[in-house]
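J.: Quick one: sequence plus predicted model below, questions after.
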Amino acid sequence: MPCPVCGNDPADGRLCHECTADWLRRLEWLRRIGMPVLREVAYRRVRFREHGHAPAAAPPSPLDETAAQTYADVERDLRAMAGTIGAGTPLGWDRTGRRVSTRDAQHVLPELARRIDDLASTPDAADLYQATVADCERVDMLTHRREERRLVGVCPECLQTTDGDGGPVRTPILAEPGRRWAVCPECGAFLDLREVRARYLESAGGLHITRTRADAARWLSEQTGIHVTGKTLDNWRYAGRLHPRHVEGRYWEWDVRELLSCVR
Ligand SMILES: [Zn+2]
Ligand SMILES: [Zn+2]
């Protein structure tokens, strides 16, 4: 059975190695950076969201309610996640009857990281993982400057719907370089960023790029966040995975879909 998240790699119905490693990395990020910084933002000891704006006339409230609410929501998800594998004792039940940890996020997170293999093997693993990705997105939005994000493409789910004028809804998807997944801020869809990027390039007619070998490698590294060299491209070419067409001198025409599929 393929991995229920990415569909790649035979994985016996549990999350594949790559998705499990990504999950662990996200939990570690939440523990070391995301949640502590979010708590600071909630109590307005650091500010990321209001830079560039004129100071408000009224003194700011001592609590950033959006950040505080997000902290509480994410902590609730982490407690429920711990409950499904019996981690983060003592355990109790929430209002909907789910088993949950009664400990706080900073206690639950290392427990979840330690038991990542149990998490990856539960029947709900894909849903739980996607909830973690969505939570990381929410925390990240409140703890990062938006400028660091770049346009990856438009949401393919929103594109299927129409707005008031009858045109397709084009929701820009922004992400930091190297990200694999994102959640659409408009419809909440869970998105594979490589897919979003590939579709966007295709719709823009940019199916081919003309670059030198080194520039094509640099382009691919930028698009995917995976380090690729000209030598790597050569290896893929000899393996029959890439078929660049020679244009002139050092310039070759590369098929964008082929390039992207090589790093999958
Ligand atoms: Zn996977
Ligand atoms: Zn969307």
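T.: Received, thanks. Ligands and ions are numbered 1, 2, ... in the order given.
J.: C-alpha from now on. contacts and neighbour counts both.
T.: Fine.
J.: what's the span of stretch 83-101 from first residue to last?
T.: End-to-end span of stretch 83-101 (C-alpha to C-alpha, to the nearest Å): 5 Å.
J.: Next, the buried residues of it.
T.: 83-85, 87-89, 91, 99-101 (16 or more other C-alpha atoms under 10 Å).
J.: Same check on stretch 4-15?
T.: 4-5, 14-15.
J.: and what of stretch 150-165?
T.: 152-158.
J.: Restricted to strands, list those.
T.: Taking DSSP state E as the definition of strands, these contribute 152-154.
J.: Now the closest residue to A198 other than its chain neighbours: phi and psi?
T.: Once flanking residues are discounted, A198 sits nearest to R257: 6.6 Å by C-alpha to C-alpha, 6 or more residues apart in numbering. Backbone torsions for R257, taken as degrees, to the nearest 10, come to phi -60, psi -40.
J.: Tell me, how many residues neighbour R257?
T.: Around R257 sit 18 other residues, with neighbours defined as other C-alpha atoms under 10 Å.
J.: any chance you could map the strands in this protein?
T.: All strands of the chain, identified by DSSP E, fall at 91-93, 99-101, 150-154, 172-175, 181-183, 190-192, 208-212, 245-248, 251-255.
J.: can you list those in CSV and add mean pLDDT?
T.: As requested, the strands of the chain are arranged in CSV below (pLDDT from 0 to 100):
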stretch, mean pLDDT
strand 91-93, 92
strand 99-101, 94
strand 150-154, 82
strand 172-175, 85
strand 181-183, 87
strand 190-192, 90
strand 208-212, 84
strand 245-248, 85
strand 251-255, 88
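J.: Quick check: which of those strands is nearest to C19?
T.: Counting by C-alpha to C-alpha, C19 lies closest to strand 181-183 out of these; the figure is 10.5 Å.
J.: Tell me the one among the buried residues of stretch 4-15 nearest to L207.
T.: Closest to L207 out of these is V5 (26.7 Å), distances taken as C-alpha to C-alpha.
J.: From ligand 2, how far out is the residue nearest to the closest one when sequence neighbours are not counted?
T.: Sequence neighbours aside, A126 is the residue nearest to V5 in space, at 5.6 Å (criterion: C-alpha to C-alpha, 6+ apart). Distance from A126 to ligand 2, counting by C-alpha to the ion, to the nearest Å: 20 Å.
J.: residues contacting A126?
T.: By C-alpha atoms under 8 Å, 6 or more residues apart in numbering, the contact set of A126 is 4-5, 15.
J.: Ligand 2: which of those is nearest?
T.: Each of the contacts of A126 was scored against ligand 2 by C-alpha to the ion, and V5 proved nearest at 18.1 Å.
J.: ok, what's across the strand from the residue nearest the centre of the chain?
T.: Centroid check for the chain by C-alpha atoms, centre = their mean gives W181 as the closest residue, at 3.2 Å. In this entry, W181 is beta-bridged to D192, by DSSP bridges.
J.: Is it in contact with E195, as I believe?
T.: No. Between W181 and E195 there is no contact under C-alpha atoms under 8 Å: 9.7 Å.
J.: Pull up the overlap in contacts between those two.
T.: Joint contacts of W181 and E195 (C-alpha under 8 Å, 6+ apart) do not exist.
J.: Among the buried residues of stretch 4-15, which pair sits farthest apart?
T.: The most widely separated members of the buried residues of stretch 4-15, counting by C-alpha to C-alpha, are V5 and R14 (9.2 Å).
J.: List the contacts of P244.
T.: 237, 252-255.
J.: Please apply the same query to T132.
T.: Going by C-alpha under 8 Å, 6+ apart, the list of residues near T132 reads 23, 26-27.
J.: I'd like those residues as TSV, with neighbour count and distance to ligand 1 appended.
T.: What follows is the contacts of T132, written out as TSV (neighbours: other C-alpha atoms under 10 Å; distance: C-alpha to the ion, whole Å):
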residue	neighbour count	distance to ligand 1
W23	22	10
R26	19	14
L27	23	16
